[in-house]
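**Q** structure, please.
(chains A and B)
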Amino acid sequence: MTPSPPEKTDEVIAALVQSGNKEAFGELVARYEAKMIRYGRKFLFGYEDVEDAVQEVFIKAYRNIQSFDATKKLSSWLYRIAHNEFINTIKKKGKEPLPFFDADTLFPHPVSPEKSDQQTHLREAKEMIESCLSKLTPKYREILILYYLEELSYKEIADVLRVPMATVGVRLKRGRETLQSICQKQGFKL
Amino acid sequence: MTQSLNSLKNKILERIASGKVNMKPRWYFVLRLLVTIALLAALGALAVFLCSFIFFILPANGSWFLHDFGAPGWLHFFRLFPYLPAGILAASIILLGLILERFSFAYHRPIIYLGLATLVVVLAGSFILAKTPMHRAFYQQSKKSPFPVVGDFYRGYGRMRSNNVYLGTVNNIATSSFQIETEKGEPLIIMMDERTNCPFGCNFELDDTVMIMGERFDNSVNALGVRKIKDDEGFFGPPDWPRPPRRCSDKTMCR
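**A** Numbers count the residues shown, from 1 in each chain, chains lettered A, B, ... in the order given. Below is the predicted model of the structure:
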């Protein structure tokens, strides 16, 4: 039995697309479409046309693929495009307020330990997210999705949202607390 | 779900294959980066220029020294402050910060650090620029032969824009009054009484440069405040306000 060839990394495939291989982009879509649809459905909860928004994410990724630096992670770059697209969708529909300025990014905050935080809260947070997420504001809803459902690291989330890593920690903590209080009001038992 | 995903992938690939969706060329992004860097450099240069201009012009037109006259002096200072250059400076710094926020070295740090770093760079740059003779040269040139835009800027802000503040050189001294010659060569008699505020003393000598705050009646001014201005005052060496040519070769009374 011959060993199967090692799977190409996202960045290698992206480089192929950059060199003109259109078919290779199909491989990237295949790898990320489920993740993007899950991210879109959770973040754009109650919005129509989530799939159209996700389709637009991939179209924008293809149009701008030459701006991608293949030495960096493709996932962060793609999630960044998705974040922008989903925020635009929220703005267009005007259903939810989006703050123009986030005071959390203004001052330095101590960075909380990432791994212990994730292990401690992962199970209960996932349960709460599934039940009460839609009641949360986009600012906290998105960061909880990226961390607990998409399982991105602090660094990746910081790159997606373009905020300092410490802000990711602060926002996650506040998001979790808000979610907890919403869940408790709804009678959700942890 | 799988069917939906397949159809999404197919839709995207079909749109790409149809030629309706085109990849932007690499040079487009390189050009965009170069334009952004050029914009950053232009905004940085503008901010440095305006900041050093404000540092230069405040002592040059004398308004920097008004605060020594207490509350009325502060009131004049704020009335005469160059708000337009200061406003453009603030806007250029904000714009600079907003553009810098697009770069990972900036957005990975709290905004306060970015703001402080920008401020330090602009202040340091303006101190260096103010050490050069550029402002002085522009200022003097704007008086000799007016030139548009920048010249108007120096001419407009370089003069004392208050009817209650006068700058001049002492050329005659009496018991409770003295005479000055203003920039325009106009003689003014300065009347002093017990209410006159002299923050650094009321003993003036001939050829002293003085600033007077007070109300004018014809050729005399009832001084509310008189302040001697030394040659080494100002942010960057001697202030460069317009001084009338000395009428006497030695420090004797000129009549």
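**Q** got the residues of chain B near chain A?
**A** For chain B, the contact set with chain A under CB under 8 Å from any CB of the partner chain comprises B:4-5, B:8-9, B:11-13, B:15-17, B:21-26, B:28-29, B:101, B:104, B:107-113. Backbone N, C-alpha and C define where each C-beta goes, glycine included.
**Q** buried ones only from those, please, as a ChimeraX command.
**A** Buried subset of the residues of chain B next to chain A, written as a ChimeraX selection, criterion 16 or more other CB atoms under 10 Å in any protein chain shown:
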select /B:5,8,9,11,12,13,16,21,23,107,108,109,110,111
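**Q** test my guess that residue A:32 contacts residue A:77.
**A** No: with contact defined as CB atoms under 8 Å, residue A:32 does not count as touching residue A:77 (10.8 Å).
**Q** pretty sure residue B:176 contacts residue B:190?
**A** No: between residue B:176 and residue B:190 there is no contact under CB under 8 Å: 9.7 Å.
**Q** so between those two, which is more surrounded?
**A** Between residue B:176 and residue B:190, counted using other CB atoms under 10 Å in any protein chain shown, residue B:190 has the larger neighbour count: 25 against 11.
**Q** am I right that that one sits in a helix?
**A** No: read with DSSP: H, G, I helix; E, B strand; the rest coil, residue B:190 is strand and lies in no helix.
**Q** element containing residue 54?
**A** Unless you meant another one, I'm taking chain A. Assigned by DSSP states H and E, residue A:54 belongs to helix A:50-63.
**Q** wrong one, I was asking about chain B
**A** Per DSSP H and E, residue B:54 falls inside helix B:26-60.
**Q** what about that helix, average pLDDT?
**A** The average pLDDT for helix B:26-60 rounds to 93.
**Q** list the buried residues of it.
**A** Result for helix B:26-60 [16+ other CB under 10 Å]: buried residues B:40, B:43-44, B:46-60.
**Q** could you pull out the helices for the stretch 101-250 of chain B?
**A** Secondary structure of the stretch 101-250 of chain B by DSSP state H, counting those that start in this stretch: the helices cover B:104-107, B:111-131, B:134-144, B:150-158.
**Q** now for the longest one, which elements pack on it?
**A** The elements that helix B:111-131 packs onto, with contact taken as 3 or more CB pairs under 8 Å, 6 or more residues apart in numbering or on different chains; DSSP states H and E, are helix B:26-60, helix B:83-100.
**Q** check the third one too.
**A** Where contact means 3+ CB pairs under 8 Å, 6+ apart, helix B:134-144 is packed against helix B:26-60, helix B:150-158.
**Q** and the gap between the residue nearest to residue B:26 when sequence neighbours are not counted and residue B:18?
**A** Nearest residue to residue B:26, sequence neighbours excluded (CB to CB, 6 or more residues apart in numbering or on different chains): residue A:66, at 4.3 Å. Remark: distance between residue A:66 and residue B:18 (CB to CB, to the nearest Å) = 20 Å.
**Q** which one's more surrounded, the two?
**A** Each of residue A:66 and residue B:18 has its neighbours counted (other CB under 10 Å); residue A:66 has more, 15 against 8.
**Q** the more buried one belongs to a helix, doesn't it?
**A** Yes: counting by three-state DSSP, one finds residue A:66 located in a helix.
**Q** of the helices of the stretch 101-250 of chain B, which stretch is the most buried?
**A** helix B:150-158 (a mean of 18; mean count of other CB atoms under 10 Å in any protein chain shown).
**Q** just the pLDDT for residue B:241.
**A** At residue B:241, pLDDT is 52.
**Q** please disregard the earlier target; I meant residue B:143.
**A** 77.
**Q** repeat for residue B:198
**A** For residue B:198, pLDDT reads 88.
**Q** same deal with residue A:18?
**A** On the pLDDT scale, residue A:18 is placed at 93.
**Q** equivalent analysis for residue A:54, please.
**A** 93.
**Q** ok, now how distant is it from chain B?
**A** 7 Å (CB to the nearest CB, to the nearest Å).
**Q** list the contacts for that residue?
**A** Contacts for residue A:54 were tallied using CB atoms under 8 Å, 6 or more residues apart in numbering or on different chains; they are A:33, A:36-37, A:40, A:82, B:8.
**Q** rerun at 6 Å
**A** By CB atoms under 6 Å, 6 or more residues apart in numbering or on different chains, residue A:54 lies in contact with A:36-37, A:40.
**Q** which among those residues count as buried?
**A** Here, 16+ other CB under 10 Å leaves A:36-37, A:40 buried among the contacts of residue A:54.
**Q** what residue is smack in the middle of chain A?
**A** Compute the mean C-alpha point of chain A, and by CA atoms, centre = their mean the closest residue is residue A:146, 3.9 Å away.
**Q** contact partners for that residue?
**A** Residue A:146 sits in contact with A:152, A:157, where contact means CB under 6 Å, 6+ apart.
**Q** give me the phi and psi for it.
**A** phi -60, psi -40 (degrees, to the nearest 10).
**Q** which strand or helix spans residue A:17?
**A** Applying DSSP H and E as the criterion places residue A:17 in helix A:10-18.
**Q** need phi/psi at residue 186.
**A** I went with chain A, as the question did not name one. Per degrees, to the nearest 10, the backbone of residue A:186 is at phi -80, psi 0.
**Q** not quite, go with chain B.
**A** Dihedral angles (degrees, to the nearest 10) for residue B:186: phi -90, psi 130.
**Q** number of nearby residues for it?
**A** Neighbour tally, residue B:186, other CB under 10 Å: 12.
**Q** gap between it and residue B:196?
**A** From residue B:186 to residue B:196 the distance is 21 Å (CB to CB).
**Q** can you give me the domain assignment for chain B?
**A** Chain B breaks down into these domains under automatic domain parsing: B:26-157, B:163-254.
**Q** worst mean pLDDT among those domains?
**A** Of all those, domain B:163-254 has the smallest average pLDDT, which comes to a mean of 78.
**Q** list the contacts of the most centrally placed residue in chain B.
**A** The residue lying closest to the centre of chain B (CA atoms, centre = their mean) is residue B:54, at 1.3 Å. By CB under 6 Å, 6+ apart, residue B:54 lies in contact with B:82, B:85.
**Q** 7 Å instead, please
**A** B:82, B:85-86 (CB atoms under 7 Å, 6 or more residues apart in numbering or on different chains).
**Q** for chain A, state which of the residues you listed is nearest.
**A** Nearest to chain A, judged by CB to the nearest CB, of the contacts of residue B:54 is residue B:86 at 22.4 Å.
**Q** ok, now how distant is the residue lying closest to that closest one once chain neighbours are set aside from residue B:113?
**A** Distances taken as CB to CB, 6+ apart put residue B:54 closest to residue B:86, at 6.2 Å, once the chain neighbours are dropped. Residue B:54 sits 24 Å away from residue B:113 when distances are taken as CB to CB.
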